[in-house]
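Visitor: need a structure here:
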Amino acid sequence: MARSKKPSARAVGGKELSARVQPLSGALPAIAFKWDPETEILSGHFSGAGEGGGLTGSVEIAGTDGAYVVLDVNRGVLTGLEIAVWPKTTVVPELRPPRASSTGKLSVPSRPSQPGIAAVELETSLAAEKSEDQSVIHLMVGPKRSVTVVQLADNLLLEVDEAGQIAGFWLLDVPPLLQPGESAP
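Guide: Just a heads-up that it's a prediction; the model follows:
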């Protein structure tokens, strides 16, 4: 009987997206998450990630269920993300983020951008867990596997698997989603 291989995050066209964690020079960047209440898009951006030498544009992670996450990249370095279409999300009452083993910056494609190419698309499974108050969100990319946790910003953790592929993100200190016309408590 043939064993089926678990799906992994692969760029369209069958190529894997390489993701490297590089040392962070300077202070840990600050990221603040915000909701668009009309679309329920959650986004967060940060600066101070340094300069790289790759893609400037976006890495679009498309879930097999229609979920959609966009990673913003500037000169090959992650500078933000947004969850545009939510994957299946489970509420986990005592959800706590793991402790990061290091700090760093996430570099994606190491080659310079090609003229006219500003986006890379990945197709994989996406899932999410959130705390009851929605202040902690765990976004899982691809199948569950062993990971190393790296802190990219004050409220953003990255999970990287043993093959150096993105396995997930932890979004921390996320504000509550307010409906149009609703004010913060």
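
Visitor: Residue 19: what's its closest spatial neighbour, skipping adjacent residues?
Guide: residue 166 (4.9 Å; C-beta to C-beta, 6 or more residues apart in numbering). Where C-beta positions appear, they are placed from N, C-alpha and C, glycine not excepted.

Visitor: The one you found - how many residues pack around it?
Guide: 25 (other C-beta atoms under 10 Å).

Visitor: Please tell me I have it right and it contacts residue 150.
Guide: No: with contacts counted by C-beta atoms under 8 Å, residue 166 stays clear of residue 150, the gap being 10.7 Å.

Visitor: so what sits against both of those two?
Guide: Common neighbours of residue 166 and residue 150 (criterion: C-beta atoms under 8 Å, 6 or more residues apart in numbering): 106, 158, 160.

Visitor: where does this protein dip in pLDDT?
Guide: Within the chain, the stretches with pLDDT under 70 are 1-18, 48-53, 109-119, 179-185.

Visitor: May I have the longest strand along it as CSV, with CA atoms only?
Guide: Ranked by residue count, the top strand of the chain under DSSP state E comes out as strand 77-85. Extracted C-alpha coordinates of strand 77-85, given in CSV (Å, rounded to 0.1, in the frame of the first residue of the first chain):
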residue,chain,number,x,y,z
VAL,A,77,11.8,40.9,4.3
LEU,A,78,8.4,40.4,5.9
THR,A,79,6.9,43.7,7.1
GLY,A,80,3.3,42.8,7.7
LEU,A,81,0.4,40.5,7.2
GLU,A,82,-3.3,40.5,6.8
ILE,A,83,-6.0,37.8,7.1
ALA,A,84,-8.3,38.7,4.2
VAL,A,85,-10.6,35.7,4.2
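
Visitor: Which secondary structure elements does that strand sit against?
Guide: The contact analysis (3 or more C-beta pairs under 8 Å, 6 or more residues apart in numbering; DSSP states H and E) places strand 77-85 against strand 41-45, strand 68-74, strand 105-107.
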